[in-house]
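In: Okay, sequence plus prediction incoming.
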Amino acid sequence: MTEKDDTSRRRSMKPLMVLVPYILRYRGLVAGAIVFLALAAATTLALPAAVRQMVDHGFKQQDSAQINGTFGLLVIMAVVLALASALRYYFVITIGERIVADLRRDVFSHVVRLSPSFFDVNQSGEIVSRLTADTTQIKSAVGATASLALRNTILCLGAVGMMIVTSPKLSGLVLASIPLIVFPLVAFGRSVRARSRAAQDTLAAASAFAGETIAATRTVQAFTHEAAADSRYSGAVENAYEAARAAIKSRSFLTGFAIALVFGSVVGVLWYGANTVLAGEMSAGTLGQFLLYSVIAGGSLGALSEVWGEFAQASGAAERLSELLREVPAIRAPAQPKPLPSPASGRVEFANIHFAYPSRPGKETLTGLTFGVAPGETVAIVGPSGAGKSTVFSLVLRFYDPASGSVRFDGIDLRELTPEELRRQIAIVPQDVTIFSGTIRDNIAFGTPGATREAVEQAARAAQAEEFIVRLDKGYDTEVGERGITLSGGQRQRIAIARAILKNAPVLLLDEATSALDAESETLVQKALDGLMRDRTTIVIAHRLATVLKADRILVMDQGRIVEEGTHESLIRQGGLYAKLARLQFDQGARAFEAEGI
Ligand SMILES: Nc1ncnc2c1ncn2[C@@H]1O[C@H](COP(=O)(O)OP(=O)(O)OP(=O)(O)O)[C@@H](O)[C@H]1O
């Protein structure tokens, strides 16, 4: 904890340290930037000496040859300055872009591996904002701002050095005033950083809301929620603006204050210098040279104060990104994972599982759940809404670990396996199918990236999807739009089934859709599923009579545990929860079909 009690000055810029390993990766670029920075600064610093040369020798002695020589030198210096500045710009900006590209890649790669429990409590829009807005801020800090900082530090140190060489006495006066200038800068820098972090947080919250709303414009419009969404978003944007304005205010104040202090002291010192020239203790050229150096030093100090503000802002952004990078996935592979038998047989067992979602630690969702599914068996889970059926799927996929008890795959506790290897053995057809923007082909091959064209098409045929795919204008290469918006519910579902068929995993998790599929697509989807369930372990959250009738066994879940188990007939005979659910759910469905004359 001593680190936390570190001096506030170090702490304020500490988050930027996260960038050091990235910068060190590109030593060549950094070296190039430093060389040209130094060259440009040295050229700038040589200018006043040339001016003094001209004033004290050239003008006084009316020596035109010397003036010409000095001007020749100035032209060369201008060329060197121009070239060095251009190359400095190139190197510095490239470093900024390169580092931010790496940082974005790392943050994304880290975030997609975080466990679902992280996303239960963090909004995706906010994370995207960190990936874009925060990294952009860092880009300007490591690129342009770092270059400004370096340039001005070199200029400032060089100019101060030259001031001392030119006139130790006047420099002594200037140096005495420096602590007066630096102290307030540091103090203000800290407040800028805090405010800028607040501004970025508010912006991230606004982006999260915008992302959610834009993704669901249909629902928003159907419920005529536009005005409410408007006012909520503009409220969030206003807050972000106010927070940014507070940060800008501190920065403007910081800049003005710094410039006033710096130039105030320079003017004071020069007034003293002018009197020294009048008294004949110093040449006019020397005062001129000192004046130019102190303007350079003052200007660069002023620029440094602005740079300080920018760094403070970037530090706020870096802090947020490091928080994200420090987030450890709740689900990780063990140090020595056990291998699964190859091929896996697909036995799934839940032994006395107690589980509460991390976002609701007080409320147990599974309360002593025990069941087993043998290889090749089809088990249907039924139960009232909220019983914990989908939670079972999340635990089979090891999205969460149980608080106690053991979930086993082929006899091995899931915590002893690599999550990736486990998940490769499982295909899931969720109720709410996710289609990604891209082609139909990409979507079917989603879980099997190397699949051949033939394999994809064969899976589509088996999923009864080919008939609609070939009728699309570009067939398998048709773009489906964001989240598959151009497809119907039944079509989306058949794509998901094709995806699972292609994956050809030993275990199938199937969450039956209750959403309105028309009778024809319902029959097609059912036919596709029948093909998929054959010869593999299947756990199905059942909503259809046909499915439970076909299952080898039915588990009835209520309040996080199995309350009944058996076949449709035996459970109906028992007259318990299943009999009640079946009457409500399946009979209603059957009656609806009868009414429509199907
Ligand atoms: N990510 C989550 N974080 C916190 N609680 C959750 C989460 N997902 C589900 N729950 C809660 O866990 C309980 C069981 O949910 P689950 O989705 O497993 O039920 P279900 O039986 O599948 O219901 P349905 O048939 O309505 O889909 C519910 O009370 C739900 O509110």
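Out: Thanks, I have it.

In: Assumed Gly531 was part of a helix.
Out: Yes: applying DSSP: H, G, I helix; E, B strand; the rest coil, one finds Gly531 inside a helix.

In: Report the separation between it and Asn504.
Out: With the distance defined as Cβ to Cβ, to the nearest Å, Gly531 ends up 12 Å from Asn504. Every C-beta, even on glycine, is put in place using the N, C-alpha and C of the backbone.

In: List the contacts of Gly299.
Out: Gly299 makes contact with Leu155, according to Cβ atoms under 8 Å, 6 or more residues apart in numbering.

In: in which helix or strand would I find it?
Out: helix 284-326 (DSSP states H and E).

In: Not counting sequence-adjacent ones, nearest residue to whichever residue of the stretch 1-150 of the chain sits closest to the ligand?
Out: As assessed by Cβ to the nearest ligand atom, the ligand sits closest to Asp120 within the stretch 1-150 of the chain, at 4.5 Å. The shortest distance from Asp120 to any non-neighbouring residue, by Cβ to Cβ, 6 or more residues apart in numbering, is to Ser359 (4.3 Å).

In: Please, which helix or strand holds the one you found?
Out: Assigned by DSSP H and E, Ser359 falls within no helix or strand.

In: same thing with Val277?
Out: helix 226-278.

In: Distance from the chain centre to that helix, please.
Out: Offset of helix 226-278 from its chain centre (Cα atoms, centre = their mean, to the nearest Å): 30 Å.

In: Return the angle between stretch directions for that helix and helix 284-326.
Out: 150 degrees (axes from the mean of the first three to the mean of the last three Cα atoms, to 10 degrees).

In: packing partners for helix 226-278?
Out: Contact here means 3 or more Cβ pairs under 8 Å, 6 or more residues apart in numbering; DSSP states H and E; on that basis helix 226-278 packs against helix 168-215, helix 284-326.

In: Okay, angle between the longest one and helix 284-326 too, please.
Out: Pointing back at helix 168-215 there. Using the same axes, to 10 degrees: helix 168-215 against helix 284-326 is 30 degrees.

In: Quick check: Arg492 is in a helix.
Out: Yes: applying three-state DSSP, one finds Arg492 inside a helix.

In: Show me the beta-bridge partners of Ile554.
Out: Ala380, Gly566 (DSSP bridges).

In: So what's the residue count around it?
Out: Residues lying near Ile554 (other Cβ atoms under 10 Å) number 23.

In: Ser177 too?
Out: Neighbours of Ser177 (other Cβ under 10 Å): 15.

In: ok, for it, nearest residue in space, not its chain neighbours?
Out: Ser265 (3.9 Å).

In: Isn't the one you found up against Val174?
Out: Yes: Ser265 lies in contact with Val174 (Cβ atoms under 8 Å); the separation is 6.3 Å.

In: buried sites along stretch 387-405?
Out: 387-402, 405 (16 or more other Cβ atoms under 10 Å).

In: oh sorry, the question was meant for stretch 442-450
Out: For stretch 442-450, a neighbour-count test (16+ other Cβ under 10 Å) marks Asp442, Asn443, Ile444, Ala445, Phe446, Gly447, Thr448 as buried.

In: Report the contact partners of the third one.
Out: So the one you mean is Ile444. Applying Cβ under 8 Å, 6+ apart, the residues near Ile444 are Ala451, Val456, Ala459, Ala460, Ala465, Tyr476, Ile495, Ala498, Arg499, Leu502.

In: Apart from its chain neighbours, what residue comes closest to the fifth one?
Out: Here the nearest residue to Ala465 in space, its sequence neighbours aside, is Arg494; by Cβ to Cβ, 6+ apart that works out to 3.9 Å.

In: The one you found: neighbour count?
Out: Based on other Cβ under 10 Å, the number of other residues close to Arg494 is 30.

In: Quick one: residues contacting Ile428.
Out: Phe393, Leu397, Ala500, Leu508, Leu509, Leu510, Asp511.

In: Can you verify my assumption that the last one contacts Ser390?
Out: The reference is to Asp511. Yes: Asp511 lies in contact with Ser390 (Cβ under 8 Å); the separation is 6.7 Å.

In: Can you list the neighbours in contact with stretch 273-284?
Out: In contact with stretch 273-284 (Cβ under 8 Å, 6+ apart) are residues Val55, Asp56, Ser167, Lys169, Leu170, Leu287, Phe290, Leu291.

In: Select from those the one having the most neighbours.
Out: Phe290 (26 neighbours).

In: Thr43 versus that one, what's the distance?
Out: 19 Å.

In: How about the stretch 151-300 of the chain: which residue is closest to the ligand?
Out: Counting by Cβ to the nearest ligand atom, the stretch 151-300 of the chain gets nearest the ligand through Glu212, at 16.3 Å.

In: Any stretches of the stretch 401-550 of the chain with poor pLDDT?
Out: 482-485, 513-521 (pLDDT under 70).

In: Would you double-check that Gly405 falls in a strand?
Out: Yes: under three-state DSSP, Gly405 sits within a strand.

In: Return the residues in contact with it.
Out: Phe350, Ala351, Asn352, Ile353, His354, Gly368, Leu369, Thr370.

In: out of these, who's nearest the ligand?
Out: The ligand lies nearest to Leu369 out of the contacts of Gly405, by Cβ to the nearest ligand atom, at 10.9 Å.

In: Spatially central, which residue of the chain would that be?
Out: Leu131 (3.7 Å; Cα atoms, centre = their mean).

In: My read is that that one contacts Arg104, right?
Out: Yes: with contacts counted by Cβ under 8 Å, Leu131 reaches Arg104, the gap being 6.0 Å.

In: Where does Val563 sit, in terms of helix or strand?
Out: strand 561-566.

In: What are the buried residues along the following helix or strand past that strand?
Out: Using DSSP H and E, the helix or strand that follows strand 561-566 in sequence is helix 568-574. Buried residues in helix 568-574, defined by neighbour count with 16+ other Cβ under 10 Å: His568, Leu571.

In: Kindly state the distance between the middle of helix 568-574 and the middle of its chain.
Out: Worked out by Cα atoms, centre = their mean, helix 568-574 lies 51 Å from the chain centre.

In: Please list the residues outside it that contact it.
Out: Contacts with helix 568-574, where a contact means Cβ under 8 Å, 6+ apart, come from Val548, Leu549, Ile554, Val556, Glu564, Gly566, Tyr578, Ala579, Ala582.
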